[in-house]
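Engineer: coords please:
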Amino acid sequence: MRAYQVTAKDGDTVLGTRYAGTQADARTKRDELMAQFDVKKSAVETEEVEVPVAKSELLEFINELASKADAVEAEE
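Structural biologist: Purely as a prediction, here's the structure:
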């Protein structure tokens with residue numbers, strides 16, 4: 001299954017990441033990140049990602065996302 005990862009960056013520092021199911025939703029997420037972090041469009045990247053649909057692979061994918069989110073929260 002295809003999804004879109006939208007990431008706002010300040011140089012090499014990731015400010016925020018959102019996921020969207022469609023290109024239209026990805027544009028909306030991009031605009032939200034631009035407003036939230038007061039960055040230009042060029043500071044926000046949209047990348048197509050493949051989300052696994054098999055249960056075990058999907059759980060692994062979600063657990064990886066959760067571990068990244070937990071690491072960011074620990075830094076704050």
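Engineer: isn't residue 7 right up against residue 45?
Structural biologist: Yes: counting by Cβ atoms under 8 Å, residue 45 is a contact partner of residue 7 at 5.1 Å. Glycine gets a C-beta too; all of them are placed from N, C-alpha and C.
Engineer: neighbour-wise, which of these two wins?
Structural biologist: residue 7 (17 against 13; other Cβ atoms under 10 Å).
Engineer: so what's the more buried one up against?
Structural biologist: Residue 7 is in contact with 14, 16, 17, 33, 44, 45, 46, 47, counting by Cβ atoms under 8 Å, 6 or more residues apart in numbering.
Engineer: so how do I select the buried members of those in ChimeraX?
Structural biologist: Applying 16 or more other Cβ atoms under 10 Å to these, the buried members can be selected in ChimeraX as follows:
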select :16,17,33,44
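Engineer: need the contacts of residue 7 in a markdown table (columns: distance to residue 63).
Structural biologist: Converted to a markdown table, the contacts of residue 7 look like this (distance: Cβ to Cβ, whole Å):
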| residue | distance to residue 63 |
| --- | --- |
| 14 | 19 |
| 16 | 20 |
| 17 | 16 |
| 33 | 24 |
| 44 | 26 |
| 45 | 24 |
| 46 | 24 |
| 47 | 20 |
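Engineer: in strands, which of the contacts of residue 7 appear?
Structural biologist: 14, 16, 17, 44, 45, 46, 47 (DSSP state E).
Engineer: residue 60 - how many residues pack around it?
Structural biologist: Per other Cβ under 10 Å, the neighbour tally for residue 60 reads 12.
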